[in-house]
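# Fold the stuff below for me.
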Amino acid sequence: MSEDTSELHPMIPAMREAKFSDLIESEHARLASGASKDPSTGIDMTRYDAPEAPTTGSFTQSWSSTLEQAYTSAEYLRGRKINLGLLEAYGKNAWLVCNSQLEDELASLEKDLEAMKNEVEATEQARQAVQANAAGEMGSLGESWRVGIGRMIEAQAAGAGLRGEILERKRMAAR
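I've put the predicted structure just below:
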């Protein structure tokens, strides 16, 4: 074997170039530019800052959007504080039990959501069935209405024709 180890054996395939998603590429660019406040952690701490007061847009809409973001952030941080307090006070087991309870609650909510989706689908199918059943009756009623209107028009036309014939006979008799 040669002493030059920079060359790979011919049977070893060439190394493929890494292909990252757009999200990973943007994160690499952000890290390379030094945009992160704390480059040692890689965590963007600006997401935990209080939202700024809105300066543009509809007053009510922009403030309600900012307030909604603040409520969401506050609730998230409140949950984090509770979990970290449990971890500090009672150790890992209490924290894991709390997480397990939260997972159980999430599973229950997802189950309820699935049940509601099924109920909505069943209601939609029942509505469609009722409409399909009524469609035939509505179609026959519409058709009989059209036939009735057609007969009425024919009767009026026949009446107008008879009136014209009567007038014509009266003219003939008057001559």
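# Nearest the geometric middle of the protein, what residue?
Nearest to the geometric centre of the chain sits residue 117, at 13.6 Å (C-alpha atoms, centre = their mean).
# Tell me how far the host helix or strand of that residue lies from the chain's centre.
Counting by DSSP states H and E, the element that carries residue 117 is helix 92-174. Put simply, helix 92-174 sits 27 Å off its chain's centre (C-alpha atoms, centre = their mean, to the nearest Å).
# and what of stretch 79-93?
35 Å.
# Would you mark the buried spots in that stretch?
86-87 (16 or more other C-beta atoms under 10 Å). Where C-beta positions appear, they are placed from N, C-alpha and C, glycine not excepted.
# mean confidence score for that stretch?
Mean pLDDT, computed over stretch 79-93, is 83.
# ok, now stretch 140-152?
Stretch 140-152 carries an average pLDDT of 93.
# which regions of this structure sit below the pLDDT cut-off?
Where the chain drops to pLDDT under 70, the residues are 1-6, 34-44, 47-48, 57.
# one more time with 50
Counting by pLDDT under 50, the low-confidence segments of the chain come to 1.
# Need the three-state assignment for residue 16.
coil (DSSP: H, G, I helix; E, B strand; the rest coil).
# Quick one: neighbours of it, just the number.
6 (other C-beta atoms under 10 Å).
# and what of the one 4 residues further on?
In terms of burial, residue 20 registers 10 neighbours under the definition other C-beta under 10 Å.
# can you check residue 51 too?
13.
# For residue 53, give me its contacts.
Residues in contact with residue 53 (C-beta atoms under 8 Å, 6 or more residues apart in numbering) are residue 66.
# Which secondary structure state does it sit in?
Per three-state DSSP, residue 53 ends up coil.
# now the residue nearest to the centre of the chain: how far from residue 111?
As judged by C-beta to C-beta, to the nearest Å, residue 117 and residue 111 stand 11 Å apart.
# And residue 29, by the same measure?
Residue 29 is 42 Å from residue 111, by C-beta to C-beta.
# for residue 155, same thing?
For residue 155, the distance to residue 111 (C-beta to C-beta) stands at 65 Å.
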